[in-house]
Structure formats: C-alpha cells, structure tokens
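Q: got a predicted model here, sequence first, then my questions.
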Amino acid sequence: MKFKYLTYLLVEPSLIFFDMNKTRFRNVKKIRSLKLKSSKKYRDVWWLEKKFTLVDIRGHTFIYHNAIGEKGANEIRILNMISIEDEIEKEGKWDTRRYNSIERPLKQKNHIFKVEKIKTKSLSVTSGVIGFILPSELFFDDGRVKRIKPTWKDIKMVDGDIVAKNYGFYYDWDNDYEIVGGFLKFENGKYDVYRCHVVKYKKVLKNSEVQIVFPCCSTSVEYNKDLIVQRWGVTNAYCKKCDKYHNNPDDLISRKDGQKIDYELFALEDSTDKTEEKEYGYIIKSKSEKLTNANMRFMF
Ligand SMILES: [Zn+2]
C-alpha cells in the first residue's frame, strides 16, 4: 500500500477528526455562524475536543494517508516522534524531501509492532470526506471566531469541469494563511482508531566490552553483575580491592574505551532491559480491515 505525506501541524492542545458531513467546519459561513446563535457548544473548545478528539497527540505532528484510487483514501496515520526533528529538520528548516523518512528511527530488522485498538474511539464517514482541525485555532482568545477558510488542493480538471478533488486545507486568514487543519477524500464507512508502539531490540554489550572504574583507587575492572550489590535498598558498585561501596554505579560503568553507554540503544549482557518501546503514532483504519501486530507495516 502506498502512503503519502499530507501535512504538518503543531498540535496544542489537541487535534480533532470529523466526518465533513456532520460538522460545521465545512465552510466559512458555517464557521462564522458558530459565533452567532446556532450552537453554543461548537464555540466551546473543550466540548469540541471531547466530541471529536480521536488521538491524544501533542507537538510536531505529521499526517499521512494511503491512496486507494477513485475513493480517495481509507487510512490515515498521525505521527509525532520525539526524534522527528533530527530526521526531518535540516539547518532550521523542515527538509520536505525527508518526510518519507519519518519512520527510520523506529526501523529495525527484528522490531515488533504493538497495536492497540482504542475502544472508545471510532468514526463514521458518510460524506466521502474526512476532516481534521486544531480546535485551539478556531477562535481568538476573546472568543471571536477566526476566518478559517477551507480550500481544496490537488483538483483535477477535465474540459473545465472538476473531476476529482483529493484533499485540501483549512487556512487561518487571520494568521498568515497558516494551515490549521485539512480534509481528504475518504471512503465512506466505519473506522477504528489504533495506537501503535514499536519494540526495538537494544544492542547487547558483552561484559568484556564494559568496565567499571572505581573512584577509590581509579582501578578499571571488567564489568560483571556480581560487582553490583544491593545494600540497605541502595544499588552499589563494590570495589574488592579497597572493600568500598559506591553509589550510582551507572556513573562508573562505561565502555572499555571510556565512552558512556547510551542505554536507549545498548543493554548490558545481564540486563533484563534489552528492548525499548517507542511510540509510533495513531492509525485511523476501516473497521473491515482489522489492524494487528502481525499485519501492521511501516509506510515507507
Ligand atoms: Zn578501590
């Protein structure tokens, strides 16, 4: 299945998804009317969040979708990774050519996907279009409604007629036309929301690659779990030579060349902590195609 990058949003404090048919985010007039009398609730960011939030995500967020031809898409992935800046940012700017590398920090030969269906969250699409918006950007601090305009992009014209509209964005006209949401041609149906983690295996360092340097006598000893002892509930490193105990043994342990050990990537031979679980993101997927640990795949 082929995936495409759709957009970037800075999510604070939430991102909501909705069926374009059922909500009032469809056009300017309707967004404006929120302020007037129609429905007070739509002016309430908290109500909006409660009603439409499908994903609990904050910060730099990247939205991707699949493409299934005529019907548009039927899967959305919402990713925000701590490591994303390193992957995508280049000299202070987003390097757009690298959007497809967002999953790279998670990829590993023997990784395991951990997919969890969020039972309380589901979405029904009946309008053929799914939308998403930052509720925080709909209103000014004083409650006035911002000028948020939806604009279709990627329109295919044949002989002056619009034959296909694939996606578009909500632009904030009161703030440099910043993108505050978007919408996408989407297959009608019922959708589930999943959260996914990736379990990565750490590289195991053999004892022969690791040393403890005791501060009492500056002696370097090959690492061995027997040198780490519990004393009155505190973990200590024990120097046989001086018969001395030292707090915070992790500070004394290093590679043989003195290099610090990055425990996010490496594990000691005797460690019980040889895997690392990393957040992948959220997936909105048709109820008819159940997502499992086994059939989950990276996009790129
Ligand atoms: Zn010593």
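A: Yep, that arrived. Numbering: from 1, shown residues only.

Q: show me the shaky parts of the chain.
A: 21-45, 47, 81-90 (pLDDT under 70).

Q: the longest helix in the chain is where?
A: helix 45-52 (DSSP state H).

Q: tell me what that helix is packed against?
A: strand 15-19 (3 or more C-beta pairs under 8 Å, 6 or more residues apart in numbering; DSSP states H and E). C-beta coordinates here come from the backbone N, C-alpha and C atoms, glycine included.

Q: repeat the analysis, applying 10 Å as the threshold.
A: strand 15-19, strand 129-133 (3 or more C-beta pairs under 10 Å, 6 or more residues apart in numbering; DSSP states H and E).

Q: put the alpha carbons of that helix into CSV.
A: C-alpha atoms of helix 45-52 as CSV (Å, rounded to 0.1, in the frame of the first residue of the first chain):
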residue,chain,number,x,y,z
VAL,A,45,-13.1,24.1,22.6
TRP,A,46,-13.4,21.6,25.4
TRP,A,47,-16.7,20.4,24.1
LEU,A,48,-15.2,20.1,20.6
GLU,A,49,-12.2,18.2,22.0
LYS,A,50,-14.4,15.8,23.9
LYS,A,51,-16.7,15.1,21.0
PHE,A,52,-14.2,14.9,18.1
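
Q: gap between that helix and the chain center?
A: 20 Å (C-alpha atoms, centre = their mean, to the nearest Å).

Q: state the next helix or strand along the chain beyond it.
A: strand 53-55 (DSSP states H and E).

Q: could you list the paired strands of that next one along with their orientation?
A: In the sheet, strand 53-55 lines up against strand 15-19 (antiparallel) (DSSP bridges).

Q: can you check what angle separates the strand it pairs with from helix 45-52?
A: 50 degrees (axes from the mean of the first three to the mean of the last three C-alpha atoms, to 10 degrees).

Q: now strand 15-19 - C-alpha only, CSV.
A: Extracted as CSV, the C-alpha positions of strand 15-19 are listed here (Å, rounded to 0.1, in the frame of the first residue of the first chain):
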residue,chain,number,x,y,z
LEU,A,15,-6.4,17.6,17.1
ILE,A,16,-9.9,16.6,16.2
PHE,A,17,-11.2,14.5,13.3
PHE,A,18,-14.7,14.5,11.9
ASP,A,19,-16.9,13.5,9.1
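
Q: just to revisit the earlier point, can I get the helices and strands packed on helix 45-52 in a markdown table with distance to Glu75?
A: Output for the helices and strands packed on helix 45-52, formatted as a markdown table (distance: least, C-beta to C-beta, whole Å):
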| stretch | distance to Glu75 |
| --- | --- |
| strand 15-19 | 13 |
| strand 129-133 | 10 |
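
Q: of all those, which one is nearest the ion?
A: strand 15-19 (55.2 Å; C-beta to the ion).

Q: for the stretch 201-300 of the chain, which residues are neighbours of the ion?
A: Residues of the stretch 201-300 of the chain lying close to the ion (C-beta under 5 Å from the ion) are Phe214, Cys216, Cys217, Cys239, Lys241, Cys242.

Q: now do the same for Asp226: helix, strand or coil?
A: helix (DSSP: H, G, I helix; E, B strand; the rest coil).

Q: helix, strand, or coil at Asn175?
A: coil.

Q: please report the distance of it from Ile148.
A: 10 Å (C-beta to C-beta, to the nearest Å).

Q: which one of the two is surrounded by more residues?
A: Taking neighbours as other C-beta atoms under 10 Å, Asn175 and Ile148 compare with Ile148 leading, 24 against 13.

Q: so what's the gap between whichever strand or helix holds Ile118 and the chain middle?
A: Using DSSP H and E, Ile118 sits within strand 112-125. Offset of strand 112-125 from its chain centre (C-alpha atoms, centre = their mean): 14 Å.

Q: against which helices or strands is that strand packed?
A: Using 3+ C-beta pairs under 10 Å, 6+ apart: strand 112-125 touches strand 15-19, strand 53-55, strand 189-201, strand 275-286.

Q: buried residues of the third one, list them for me.
A: Across strand 189-201, burial judged by 16 or more other C-beta atoms under 10 Å covers Tyr191, Asp192, Val193, Tyr194, Arg195, Cys196, His197, Val198, Val199, Lys200.

Q: save those residues as CSV, and put in distance to the ion too.
A: CSV is the format used below for the buried residues of strand 189-201 (distance: C-beta to the ion, whole Å):
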residue, distance to the ion
Tyr191, 62
Asp192, 59
Val193, 56
Tyr194, 53
Arg195, 48
Cys196, 48
His197, 42
Val198, 42
Val199, 39
Lys200, 36
